[in-house]
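J.: this one's structure only:
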């Protein structure tokens, strides 16, 4: 059984908490930047919406153009499927290679082949410079006349003859004597090229590849034979 406690008698009037005044109604009116009335606000909002829409459209157009160009390049590449030309040294021999008093006397002949395996692309060789090195010292340079190589073609160049004297300082005379006694020398040939590609009537700008060939070249007086060597690109 619940017991109720008798409340004490209240003397005088009782006042509860004050009732807060009602909040003012919110107005949807927003003044325009020019301090004008509602018409200016609508015009400003319209301009903002149009500006955002225009920027969005321009962005979408630019993205579409970039994607279209990328797809076009990919399709053209798949159709043409370009290959870089391949270089080989098929034969090389040394008739003279003597070093005395920081002077190197040399007579070196090198034969190159260049393979263009492209089905639709011809190659213009506007510059063809061959440099020879021994123990990182350059001793000879020859420029080959410009030429055009057709598609699906193997071009033979040579013999390219390096002949003369050059003042160089060898890092190791003992290595020179050892190689001379062995009848073969380690020679590096570097090619500096300027080429353009031809696809139909279209010609590209100039590309400047660099090619190097690490060779072991026999003396012509020895019984050693030269082994065909593949060259490679370098940067």
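T.: Nice, I can see it. If you're wondering where the values come from, they're calculated on a predicted model, not measured in any experiment.
J.: residue ranges with poor pLDDT in this protein?
T.: Filtered on pLDDT under 70, the chain yields the residue ranges 1-51, 75-81.
J.: what do you get if the cut-off is 90, keeping everything else the same?
T.: 1-64, 67-83, 101, 119-120, 170-174, 199-202, 204, 235 (pLDDT under 90).
J.: neighbours of residue 68, how many?
T.: Residues near residue 68, counting by other CB atoms under 10 Å, number 10. Placement of C-beta: from N, CA and C, glycine included.
J.: report the contact partners of it.
T.: Residues in contact with residue 68 (CB atoms under 8 Å, 6 or more residues apart in numbering): none are found.
J.: I'd like the next helix or strand past whichever strand or helix holds it.
T.: Assessed by DSSP states H and E, residue 68 sits inside helix 38-80. Downstream of helix 38-80, the next assigned helix or strand under DSSP H and E is strand 86-100.
J.: check which helices and strands that following strand sits against.
T.: Contact analysis of strand 86-100 by 3 or more CB pairs under 8 Å, 6 or more residues apart in numbering; DSSP states H and E lists strand 103-116, strand 153-167, helix 173-182, strand 184-199, strand 210-218, strand 229-230 as its packing neighbours.
J.: which one of those lies nearest to residue 55?
T.: strand 184-199 (38.7 Å; CB to CB).
J.: tell me how the protein divides into domains.
T.: As assigned by automatic domain parsing, the chain contains the domains 36-80, 86-234.
J.: out of the ones you listed, indicate the one that is most buried.
T.: Greatest average neighbour count among the domains of the chain goes to domain 86-234 (a mean of 16), per mean count of other CB atoms under 10 Å.
J.: how long is it from one end to the other?
T.: End-to-end distance of domain 86-234 (CA to CA, to the nearest Å): 13 Å.
J.: what sits against the most centrally placed residue in the chain?
T.: Taking CA atoms, centre = their mean, the centroid of the chain lies closest to residue 235, which sits 10.9 Å from it. Each residue near residue 235 by CB under 8 Å, 6+ apart is listed here: residue 210.
J.: could you report the distance from it to residue 83?
T.: Per CB to CB, to the nearest Å, residue 235 is found 19 Å from residue 83.
J.: ok, now residue 132?
T.: Taking CB to CB, one finds residue 132 at 28 Å from residue 83.
J.: isn't residue 98 up against residue 107?
T.: No - if you go by CB atoms under 8 Å, residue 98 and residue 107 don't touch, sitting 9.8 Å apart.
J.: quick one: residue 217 and residue 93 touch, right?
T.: Yes - using CB under 8 Å, residue 217 is in contact with residue 93, at 6.5 Å.
J.: which residues do the two both contact?
T.: Common contacts of residue 217 and residue 93, defined by CB under 8 Å, 6+ apart, comprise 108, 226.
J.: quote the end-to-end distance of stretch 94-106.
T.: Length of stretch 94-106, first residue to last, CA to CA: 8 Å.
J.: need the contact partners of it.
T.: Against stretch 94-106 from outside (CB under 8 Å, 6+ apart): 107-109, 132, 134, 139-140, 162-170, 173, 176, 180, 185, 187, 217-220.
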